[in-house]
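Chemist: give me the fold of what follows.
(4 chains)
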Amino acid sequence: MLVPMTKVHVIGHRRRLHPTLEALHLLSAVQLIDVTDDSSITLPPLTADDEQVQEIEELRYLRARLDALLALSSDPPPADTAPVDLALIRSDLETTAPEIESLARSLEERQLEISTLPRHVQSLKRLLPLVPELTELESYDTDAVILDARHASVLGDLSVALDEVLEGNFEIISDQVDTDTVGAVIVTPKKSASEVLAILGRQQVNRVRLPHEYESVPFRKAITLMERRLADLPVEMATIEDKITAVMRSRGAWVTARSDVTQRLGQLSAIRHLGATPQTFVLSGWVPAPRLEEVRRVVASVGQGEVIVELAPIGDDEEPPILLQNREAVRPFEALVSLLSMPRYGSLDPTTLTMVFLPLFFGMMLGDIAYGILLLALALYLRHRFRVTSPSAAEFLKILVLGAGWTIVWGVLYGEFLGDLGRRWFGLEPIWINREEAIEPLLIFALAVGIAHITLGLVLGIWTAAHRHDRKKLSTSVGTLLALIGLFGITGVAVGQLPDGWMTPAVATIVVGTVLMIALEGPMGLITGPLELLGLVGNVLSYLRIAAIGIASVYLARVANELGSLGPLWFGIIVAALFHALNLALGVFSPSVQALRLHYVEFFGKFYEGGGTAFVPFGSLDRKE
Amino acid sequence: MFLEQLTATRSELLARRGQLELARRGRDLLEDKRDQLMKEFRKVADLVLSGEGALDQVAGAARRALADAEAFDGPDVVRSAAAVGGSGIFLEAHPVYIMGVRIADIEYGPVRRSLVDRGYTLTGTSARIDRASELFETELELALELAARELRLRRLVEEIATTTRRVNALENIVIPQLERETSMILAVLDERERQDRFRLKRAKAQRAHRMNMAGLR
Amino acid sequence: MIGYEYGNTRLRVRAGRLLDADVYRGLLSSATLDGMLGRLAGGPYGRAIESALGRYRGLHRLDEAVRIHLSRQLADVLAFYSGEIRDRLRFYESRWDVRNIRTILRTLNQPVRGEALGPLLVAAGSLDEAALSELANQNDVRAAMDLLAVWQLPSPTVIRRLRHAMPGFLQTGDMSILEAALDGSFGDSIVDFVSGARSADSLVSLLHEEVDRLNLMGALRRHRAAREVTHADPFVAMAGGRVSAQVWAELAEVDDRVDVVAQLDGLLPGAWRGPLAAWVEHGELWVLEGELDDAATEAGIARFRLGDPLGIDVPLGFIIRKEAEARNLRLVGRAIVYDLAREDTFDRLIGVR
Amino acid sequence: MEIGLLAVGAGLAIGLAALATGYAQARIGSAGIGALAEKPELTGRVILLLAIPETLVILGFAVAAMIILLLGG
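Modeler: Numbering: from 1, shown residues only, chains lettered A, B, ... in the order given. Next comes the predicted model:
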C-alpha cells in the first residue's frame, strides 16, 4: 500500500535552526519542499550568509579533494570510527597529497608508456626486414627513414649527397613498406654522425624516432628492450599501486571525514529550501503519516519550546511523494513495481496483486516438478549465501522461491518431471492437463486466464476512476469491460460453447461498450475507440504466451530426453543434463520476462497510474554515500 | 653675538640693502620657477591620472577579451598563438630638459604588430585573438607612455620640492635676517645721528651762551 | 539506417545531464575558483575534477578538468557507434587532430619551452592521449613531424601536406607555412570526404558551413589588415567550403565593407546576412565572429533536438553541445578569477536557455 | 500432401512473425540497452518496450495453432 503523507511546516526561532536541521537530517523522515514551490508560504527563501557560503565552498572543495585521493587507491581503507578533526585532515592532505599524487603521476606515465611503446615497436618491426646484420657493428650508426612512395627518388639524391661526404663508406637499403610508403635503412660511420644528420635534415625524409632510452641502441636490440620493458611495466605499476595503498591504509580518517563532510553539506544544503523572517525560519516538508509523531517528538526535544511542527493543508497543485510499504512477504515485489515507475499518490498500489499473479504465471509457464525443485533449492541456497553480504539480493530471491513453488504445483497438475521423463520412468500422470497432447484446451485455458486477469484489471480501473471522480476514465473502463464481455460471448457462440441466442446480446454489449469508450473522447474517439477494441483483442491473445512458452519448454525437455536415450547411458545422461540445464536457464529467464510483461503491459495498462515520485527524505542520500 | 660683530656703518648698511635686494629678487625668481614647475606638474599629473584611468579601462577590456578568447577558442589555441606571436620590444631612455631640469624620456619601438608579424595563419586563429592581442598592445603602449610620464612627474616633484625649500629658506631665514640686520644698522646709525645732533645742539647752545655772555660784557 | 539506435539513445539520455541554467547560476555565484570546482565536482564533471585537482593550480585546474571531461565524452561518442557511422564521426572529430597538431607544433617551435602542453590538448579524433603526449615530448618540430609520418597519423593527407611544407619552414622558421599546410590538408580531406560521402547529409553541410565560416573570418581579417600585409600572406582559403577560394582571394582587392558584403551576396547562408549587415555598420570583426559562432552553435544544438532522432544529427549535436559546455565553463571560471560581471557572463553562456 | 502444406503454412505464420518481432526487438533492444547504460532505473520501461513487439510472434503462434488445430483437424 501507499503510505499516506502529511505535509508539515516546522517553524522556529533562527537560533534553533541548526540543531533542528541536524536532528531532522539524522532522522531522515522529512522530504523538504522548496519554499518557493509551496504556495501556502509567502516568505522569501532563507539565504545562506557569507560565512555559510564560505563553509559550503570549503567543504565541497575538501570533499572533491578527498574523493580525488581516495579514488587513486583501488582498495580504500576502512573508515575510522573515531571522530575526526577537519582542520587536521586539511593539514594532513597538504602534506600527504603531493606524495600520493606524484605516485599517481608516475603510474600514469607508465600507463602512457604502455600505450606508446607498441607504436614504436610496430614501426620498427615494419623496417626490420631491411636491417642488415652489419648494423650491430659498434662503429656504425643506423638511421631508419620512411618517405612517400611517390618521392622515392629522394633516396637517390640522398645517396649522392652521402657519397660526397662519406666517399662510399655507407649503405642504404630500401624497400616498399606498404602501398604509400617506402622505408630505408641508412648505415653510416658513427664518426660522421653530424654530417649525416645535416644531410638527412635537408632531404624530404622522415627519420624513425625512438624514445630517448632506445635512441643509441641497435634496432633489433631496441625491439627486444622495448618488449621487455612492456612486460616489466605492469609489474612496476603494481608496485606503485601497492605503495599508494600502503600510504592510504592509515588514512581511514579520510573516509570518515568524507562522510562527515557529506552530512554537513547535506544539512547546509537544506538552508536554501527554507523560508525565513528576520527572527524565524519555516521548513516545509512531507512526512509519512506513521512517522509524524516521531518527528514531533524529536523537534520538541531539540527545539526546547522554540520550534513547533504544524500540519499544513496539501494544495491542489501538490503531489505528495510515494513511499511504498507492504507486509514483509510482499515487499520484494515493490522493486518490480517501481522498476516500471512509482504509482501516483492516491492510486492503487499493485504490489500485492503482483505477488499473487506473477509467480503464478511463472509457474504456469515453466510447470515442471523437477525444475521447480531445482529452482527452489538454488533460490534457498543463494538466499542463505547472500543473507549477510547483500540483503537486498536475498530479499529479491524470495520472488524466485515463490515462482519455484508454483512451478512445482503446476508441474504436478501437468504431470511433468523433467518433461516427459516422469511419465517414462515412473508413469507420472497429469492431474489436470497434458501439455504435450492437449494443446487446444491449454490455449483456451491461457485465454481464460487472460480474460480473468484483464477483467480484474478493468474492475480495478473502474474502482480507481470512480474513486478519483474521473468520468472519462470511468466510461472508458466500463466500456472496455462491456466490450470484453461481449467478445467473450461472441467467441463462446462461435466455438459452440454457448447457445446461438446469446449472439445478439453479445454484439449489443460490444456496441454499447465501444460507444462508451468513444463517448467522452469526442471526435477522436471514433478512431481511438475501435483501435482500443482491437488492442483489447490483442491483450487477450497476448496471454497465449503462457501456453506457447509452456509448450516450447515441454518439447525442449522432451528433445533432451530423446537425445538422452540415444547412445550409451553415460553419454545420454550428459547430453540430457546439458539440454535440461539449457532448458532450465531459458525456462527461468523467459517466463519471468513474459510474466513481467503481462503485468506491465496487459494488466497494469488497465488501471495503473504511474508517474509518482519516490519519497527521498532529507538526509537519506548523504548517509548512503 | 652677531650684532656685536655688526659694524654699523653706512657702507655696511648699503651692502646689506644690496644683499636684501638680491635675496628678494632671487626669491621672486625661484617662485616664478616653482610656479612654472607647478604648472608643468599639474599638466603631467592630469595626464598621468587620465592615463591611469585609460590604462585601467584598457587593461579591463584586454582581460575580458583574453577571457573570451580563451573560453571560446580554447586555451590551446590562444596560448599557442601567443607562443608563436611573442617577440621583444625596443626600449631606450634618454634625457630631455624642462626649465633646465634634466628629465629621462623613454622611447620605444612599435608595440603593435600586423597580422603578418604575428606569425600565425588566419584560419588557425580568430578575430577574438586579434582583438585580445590588439587590446594588450594598446595596454602596453599606454603603460609605456604612462611610465615615461610618471618618471617626468617624479622628477618634477623633486625639483619643486628643492625650489620650494630654497624659496622658503630665502623667505623665512635669509630675507628676515637681512631685514633685521638692516634695520638694526639703521637703528644704530639713527641713534648715532640723534646723539650727534643733540651734541651739536648742545655745542651750538653753549657757543651761543658763550657768545651772549661775551656780548653782554 | 540501423546502427544509430544504441548510440543515439545513450547520447539522448546523456544530454539530460548537461549543465543547465541553474547549475551555471550556482557556479557563477561561487566566490572562488575552488568553490566553483567544488560545486562542479558534485555532477558529471566529478571524475575529471578529481584528476585535475592534484596536478595544476588556478585556471589550469579548470581547463584540465574541462579538457579531460570533453576528451572522454568525445571518445565515448565514437565508441557508441561502429562501422561507417563511426568513421564519419571520427572525421568530424578530426578537427581536433588538426588543432592539437597545430598547438604542438607551435609550442615546439618556441626556443624556450614555456608551460606544459598537458592541460591544452583535447584527445579526440585519431590522436589519442598517449600519442599526443609522446608528440609533445619531442625536442623540435622536425622530430614531431617524423613521428607523425612514421605512425601515419592522423591521415596520409595531413602528412603529405606537412611534409611538403617542411623545407620551407626549415629555411625560414616561419610557423605560418606549416600552419597553412595543416589547415590546407584539413580542407583537402574535407573535399575527399565530401566526394566520397554517399549522400549530402547534415555532416556534409555542417563541414561546408564550418569551412565557409573560417574562410569568411579569415578573408575579412585579411581585408581589415590589407594595408599591413606586405610579403607573406597569412590567409590562404581552405578548400572544402561552398564558396570558392577565388571569391575569398578577390575580397582583398575590395576597399569598402559595403562592397565586401555585396560581393558575397547570395553565396553565404541566409542567417549570416544580419550579422554581416551589422558588421558593415560597426566594423568590429570580433563581434561578427561571436555572432556567427553563436548562431552556428545554436543551430548545432537545435540539430540535436530537431534533427532525425535516428540519424547523425544526434551525435553531431551532442558533440557541439559538449563543446559549447566546455566553452561556457571556461568562461564562468574566468569570470570568477578575473572578477567579471556575473550577469553579463551568464547572458553570454550559450545553449543554456 | 494437404497436411504438408498446412504445416508449411503454420511454419510460415510463426516464422515470419518471429522475424518481424526479431527485427523490431533488435532495434528496440539496442536503443534500450543504450538507455539502460546511462540510466539503469529505466529497466522496467525498457523491458516493457522490448516486450511490446512480442505480441507479433504470439499472434503468429495463434494463427499457426489455428491452422493446425482447426484446419488440420
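Chemist: so what's the residue nearest the centre of chain A up against?
Modeler: Taking C-alpha atoms, centre = their mean, the centroid of chain A lies closest to residue A:339, which sits 11.0 Å from it. Under the criterion of C-beta atoms under 8 Å, 6 or more residues apart in numbering or on different chains, the contact list for residue A:339 reads D:43, D:44, D:47. Bear in mind the C-beta positions are built from the backbone N, C-alpha and C, glycine included.
Chemist: can we see that at 10 Å?
Modeler: For residue A:339, the contacting residues are A:596, A:600, D:41, D:42, D:43, D:44, D:45, D:46, D:47, D:48, by C-beta atoms under 10 Å, 6 or more residues apart in numbering or on different chains.
Chemist: residues near the fifth one, how many?
Modeler: The number of residues packed around residue D:43, counting by other C-beta atoms under 10 Å in any protein chain shown, is 16.
Chemist: quick check: bridge partners of residue A:614?
Modeler: residue A:322 (DSSP bridges).
Chemist: which parts of chain B are strands?
Modeler: Assigned strands in chain B, in chain order: B:91-98, B:101-108 (criterion: DSSP state E).
Chemist: make JSON lines out of those strands and add mean pLDDT.
Modeler: Output for the strands of chain B, formatted as JSON lines (pLDDT from 0 to 100):
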{"stretch": "strand B:91-98", "mean pLDDT": "78"}
{"stretch": "strand B:101-108", "mean pLDDT": "76"}
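Chemist: so for chain C, which of these sits nearest?
Modeler: Closest of the strands of chain B to chain C is strand B:101-108, at 19.3 Å (criterion: C-beta to the nearest C-beta).
Chemist: show me how far that closest one is from its chain's centre.
Modeler: Strand B:101-108 has its C-alpha centroid displaced from the chain centroid by 15 Å (C-alpha atoms, centre = their mean, to the nearest Å).
Chemist: rewinding a little: and the residue nearest to the centre of chain A, what helix or strand is that in?
Modeler: Under the assignment given by DSSP states H and E, the secondary-structure element containing residue A:339 is helix A:332-340.
Chemist: which residues are in contact with the following helix or strand past that helix?
Modeler: On the C-terminal side of helix A:332-340, the closest following helix or strand by DSSP H and E is strand A:342-343. By C-beta under 10 Å, 6+ apart, the surrounding residues in contact with strand A:342-343 are A:2, A:321-324, A:334, A:337, A:349-351, A:604, A:608-615.
Chemist: how about 8 Å then?
Modeler: Where contact means C-beta under 8 Å, 6+ apart, the residues beyond strand A:342-343 that reach it are A:2, A:322, A:324, A:337, A:349-350, A:608-614.
Chemist: so how far is it off the chain centroid?
Modeler: For strand A:342-343, the distance between its averaged C-alpha position and the chain's averaged C-alpha position is 19 Å (C-alpha atoms, centre = their mean).
Chemist: try stretch A:280-296
Modeler: Here the centre of stretch A:280-296 is set off from its chain's centre by 33 Å, with C-alpha atoms, centre = their mean.
Chemist: quick one: mean pLDDT for that stretch?
Modeler: Computed over stretch A:280-296, the mean pLDDT rounds to 90.
Chemist: and it, what's buried?
Modeler: Of the residues in stretch A:280-296, A:280-288, A:291-292, A:295-296 count as buried by neighbour count, 16 or more other C-beta atoms under 10 Å in any protein chain shown.
Chemist: repeat that for stretch B:26-38.
Modeler: Of the residues in stretch B:26-38, those scored as buried under the neighbour-count criterion (16+ other C-beta under 10 Å) are B:27, B:30, B:31, B:33, B:34, B:37.
Chemist: where in the chain is pLDDT low?
Modeler: Went with chain A since none was named. A:132-138, A:621-625 (pLDDT under 70).
Chemist: that's the wrong chain, I wanted chain D
Modeler: Across chain D, the stretches falling below the confidence threshold (pLDDT under 70) are D:1, D:72-73.
Chemist: in this structure residue C:206 contacts residue C:316, no?
Modeler: Yes - counting by C-beta atoms under 8 Å, residue C:206 touches residue C:316, with 6.3 Å between them.
Chemist: what is in contact with the two at once?
Modeler: Shared between the contact lists of residue C:206 and residue C:316 (criterion: C-beta under 8 Å, 6+ apart) are residues C:92, C:300.
Chemist: re earlier: of the contacts of residue A:339, buried ones?
Modeler: With neighbours counted using 16+ other C-beta under 10 Å, the contacts of residue A:339 contain these buried positions: A:596, A:600, D:42, D:43, D:44, D:45, D:46, D:47, D:48.
Chemist: redo these as JSON lines? Include secondary structure and distance to chain C.
Modeler: Shown next, in JSON lines, are the buried ones among the contacts of residue A:339 (DSSP: H, G, I helix; E, B strand; the rest coil; distance: C-beta to the nearest C-beta, whole Å):
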{"residue": "A:596", "secondary structure": "helix", "distance to chain C": "21"}
{"residue": "A:600", "secondary structure": "helix", "distance to chain C": "20"}
{"residue": "D:42", "secondary structure": "helix", "distance to chain C": "8"}
{"residue": "D:43", "secondary structure": "helix", "distance to chain C": "13"}
{"residue": "D:44", "secondary structure": "helix", "distance to chain C": "15"}
{"residue": "D:45", "secondary structure": "helix", "distance to chain C": "12"}
{"residue": "D:46", "secondary structure": "helix", "distance to chain C": "10"}
{"residue": "D:47", "secondary structure": "helix", "distance to chain C": "15"}
{"residue": "D:48", "secondary structure": "helix", "distance to chain C": "15"}
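Chemist: so which pair among these is furthest apart in space?
Modeler: A:596 and D:42 (14.4 Å; C-beta to C-beta).
Chemist: okay, and which of the buried residues of stretch A:280-296 map to helices?
Modeler: Counted as lying in helices by DSSP state H, out of the buried residues of stretch A:280-296, are A:292, A:295, A:296.
Chemist: between those residues, which is nearest chain C?
Modeler: When these are compared for distance to chain C, the smallest value, 27.7 Å, is given by residue A:295; criterion: C-beta to the nearest C-beta.
Chemist: and that closest one, what does it touch?
Modeler: Counting by C-beta under 8 Å, 6+ apart, residue A:295 touches A:8, A:24, A:27, A:29, A:30, A:287, A:309.
Chemist: tell me the contacts of the residue lying closest to residue C:261 once chain neighbours are set aside?
Modeler: Of all residues beyond its chain neighbours, the one nearest residue C:261 is residue C:276 (5.1 Å), with distances taken as C-beta to C-beta, 6 or more residues apart in numbering or on different chains. The neighbours of residue C:276, taking C-beta under 8 Å, 6+ apart as the test, are C:261, C:264, C:268, C:288.
Chemist: which element is the closest residue to chain B within the stretch 101-250 of chain A on?
Modeler: Here the stretch 101-250 of chain A gets closest to chain B at one residue, residue A:112, 18.8 Å apart by C-beta to the nearest C-beta. When elements are assigned from DSSP H and E, residue A:112 belongs to helix A:86-127.
Chemist: number of nearby residues for residue B:144?
Modeler: 16.
Chemist: now residue A:568
Modeler: 8.
Chemist: before we move on, what about residue A:571?
Modeler: The local packing of residue A:571 (other C-beta under 10 Å) involves 12 other residues.
Chemist: now do it against residue A:334, distance only.
Modeler: The spacing between residue A:571 and residue A:334, counted by C-beta to C-beta, to the nearest Å, is 47 Å.
Chemist: so residue C:255: helix, strand or coil?
Modeler: Assigned by DSSP: H, G, I helix; E, B strand; the rest coil, the conformation of residue C:255 is coil.
Chemist: how about a markdown table for the buried residues of stretch B:26-38, with distance to chain A added?
Modeler: Output for the buried residues of stretch B:26-38, formatted as a markdown table (distance: C-beta to the nearest C-beta, whole Å):
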| residue | distance to chain A |
| --- | --- |
| B:27 | 60 |
| B:30 | 57 |
| B:31 | 56 |
| B:33 | 55 |
| B:34 | 51 |
| B:37 | 50 |
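Chemist: excluding chain neighbours, what is closest to the one residue sitting closest to the centre of chain B?
Modeler: Nearest to the geometric centre of chain B sits residue B:160, at 2.8 Å (C-alpha atoms, centre = their mean). The spatial neighbour of residue B:160 that comes closest, neighbours along the chain excluded (C-beta to C-beta, 6+ apart), is residue B:37 at 4.8 Å.
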